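>>> got a predicted structure plus its sequence, pasted below:
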Amino acid sequence: MSDTTASSVSGTTLTVPDAELYYEVRGTGPLVVLVGAPMNADSFAPLAALLATDHTVLTTDPRGVNRSSLRGGTGSTPEQRADDLARLIHHLDTGPATAFGSSGGAVSVLALAQAHPQLVSTAIAHEPPLDRLVPDGDELLADSERMMADYLAGDVVGAWKQFFVIADIPVPDAVVEGMFGGERDPRQVADERFWFEHELRATVGWQPDLTALRDGGVRIVVGIGEKSTGQLCDRTSTALAAGLGVEPTRFPGDHTGFADDPAQFAPAPVSDTHLT
């Protein structure tokens with residue numbers, strides 16, 4: 001990848017046992033991995049371009065989403081996504097990596113650090129939705145089951161309204177209806193359905209091995225958006241940090257700060273505060 005510059009991007013695929021993974025590489029230097037779930041590589045492209053001035057930056061579509069297709073399988077668990085990331089890092093042969101994951105991608109990054117600590121120097125988990133870590137976790141998981149059932153039964157707008165209530169993110173009903181009602185991009189709808197049907201349950205229900213994460217030799221940074229106070233992912237992230245015995249780190253913006261203002265967010269994943 002030595003001919004890849006900060007202004008160019010190399011996009012290709014890697015075949016793994018049950019999927020074809022699409023990934024992109026920018027820049028040269030120490031490896032940084034930017035991970036979402038269900039967000040794909042496009043969501044991280046502006047941030048990746050900024051970081052690629054002095055890093056090799058890997059972004060990818062998670063299995064089953066956008067350009068990453070499944071071959072014979074239907075699932076997307078944190079363990080599967082961690083294995084995918086491990087294979088990509090091995091393939092690039094430029095690790096160990098600083099791995100930054102947001103939302104479901106933060107769960108993927110934690111699973112990567114837990115299962116493959118030799119491949120990660122620092123794992124930055126930005127607002128992982130780990131419902132089992134909070135006292136009302138069982139209730140939250142039950143609410144999510146109802147939400148997923150309603151979505152798969154055809155009540156798309158109603159399910160999204162439930163999602164924002166569960167997440168403690170205030171969004172007016174009219175805004176939700178405008179975002180998710182009417183005609184929509186078929187690819188976006190397919191990815192969304194895959195998330196509700198095959199990815200969401202395993203992500204929010206994942207139980208991290210806190211002892212393995214504490215003792216695995218990977219520096220774990222738990223990130224929370226400065227504007228996310230009181231939201232569900234603020235609570236789950238705070239609980240994760242307490243379980244690991246670390247102080248959470250405040251990042252610019254809210255749950256999607258990395259995409260909303262990449263220029264402000266860019267220093268955070270690779271700053272001296274977060275690297276070993």
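Right, received. Where do you want to start? All values reported here derive from a predicted model rather than from experimental measurement.
>>> please enumerate the helices of this protein.
Per DSSP state H, the chain carries helices over the ranges 41-51, 78-92, 104-115, 137-152, 156-166, 173-180, 186-194, 200-204, 210-215, 232-244, 257-260, 262-265.
>>> just those: most buried one?
helix 104-115 (a mean of 28; mean count of other Cβ atoms under 10 Å). C-beta here means a position set from N, CA and C on the backbone, and glycine is covered the same way.
>>> please compute how far it lies from its chain's middle.
Centroid separation between helix 104-115 and its chain, computed with Cα atoms, centre = their mean, to the nearest Å, is 8 Å.
>>> can you tell me what sits against that helix?
33-39, 62, 78-79, 81-83, 85-86, 99-101, 119-120, 123-130, 199-200, 203, 206, 208-209, 212-213, 216, 218, 220, 223 (Cβ atoms under 8 Å, 6 or more residues apart in numbering).
>>> are any of those buried, and which?
Buried members of the contacts of helix 104-115, counted by 16 or more other Cβ atoms under 10 Å: 33-39, 62, 78-79, 81-83, 85-86, 99-101, 119-120, 123-130, 199-200, 203, 206, 208, 213, 216, 218, 220, 223.
>>> name the nearest residue to F194, sequence neighbours excluded.
G64 (4.8 Å; Cβ to Cβ, 6 or more residues apart in numbering).
>>> report the contact partners of the one you found.
Applying Cβ under 8 Å, 6+ apart to G64 gives the contacts 19, 70, 74, 76, 194, 198-199.
>>> who wins on neighbours among the residues you listed?
Among those, the one with the most neighbours (other Cβ atoms under 10 Å) is S76, at 29 neighbours.
>>> wait, that one sits on A37?
Yes: with contact defined as Cβ atoms under 8 Å, S76 reaches A37; the gap is 7.3 Å.
>>> so which of the buried ones among the contacts of helix 104-115 belong to strands?
33-35, 99-101, 120, 123-126, 220, 223 (DSSP state E).
>>> most widely separated two among those?
Largest separation among these by Cβ to Cβ: L34 and I220, giving 16.9 Å.
>>> first to last residue in stretch 164-180, what's the distance?
Stretch 164-180 stretches 13 Å from its first residue to its last (Cα to Cα, to the nearest Å).
>>> who touches that stretch?
Applying Cβ under 8 Å, 6+ apart, the contact partners of stretch 164-180 are 129, 140, 143-144, 147, 156-157, 160-161, 230-233, 255.
>>> tell me how far A212 lies from Q114.
Separation of A212 from Q114 (Cβ to Cβ, to the nearest Å): 5 Å.
>>> please name the nearest non-neighbouring residue to V156.
In space, and not counting its chain neighbours, V156 is closest to F180: 5.5 Å by Cβ to Cβ, 6+ apart.
>>> how close does that neighbour sit to L112?
Using Cβ to Cβ, one obtains 31 Å as the distance from F180 to L112.
>>> contact partners for the nearest residue to P62 once chain neighbours are set aside?
Computed as Cβ to Cβ, 6+ apart, the closest residue to P62 that is not its neighbour in sequence is A37, at 4.7 Å. Going by Cβ under 8 Å, 6+ apart, A37 touches 62, 65, 76, 81, 101, 103-105, 107-108, 199, 203.
>>> apply 10 Å and report the result again.
61-65, 76, 78, 81, 101-109, 195, 199-200, 202-203 (Cβ atoms under 10 Å, 6 or more residues apart in numbering).
>>> could you do G245 as well?
For G245, counting by Cβ under 10 Å, 6+ apart, the contacting residues are 210, 214, 220.
>>> backbone phi and psi for it, please?
phi 70, psi 30 (degrees, to the nearest 10).
>>> one step back: can I get the contacts of G64 in a markdown table with pLDDT and distance to T12?
Shown next, in a markdown table, are the contacts of G64 (pLDDT from 0 to 100; distance: Cβ to Cβ, whole Å):
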| residue | pLDDT | distance to T12 |
| --- | --- | --- |
| A19 | 95 | 14 |
| L70 | 94 | 18 |
| T74 | 75 | 24 |
| S76 | 96 | 21 |
| F194 | 96 | 22 |
| H198 | 96 | 24 |
| E199 | 97 | 23 |
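>>> near the nearest residue to G73 once chain neighbours are set aside, how many other residues are there?
Excluding its sequence neighbours, the residue lying closest to G73 (Cβ to Cβ, 6+ apart) is D18, at 4.1 Å. Residues lying near D18 (other Cβ under 10 Å) number 15.
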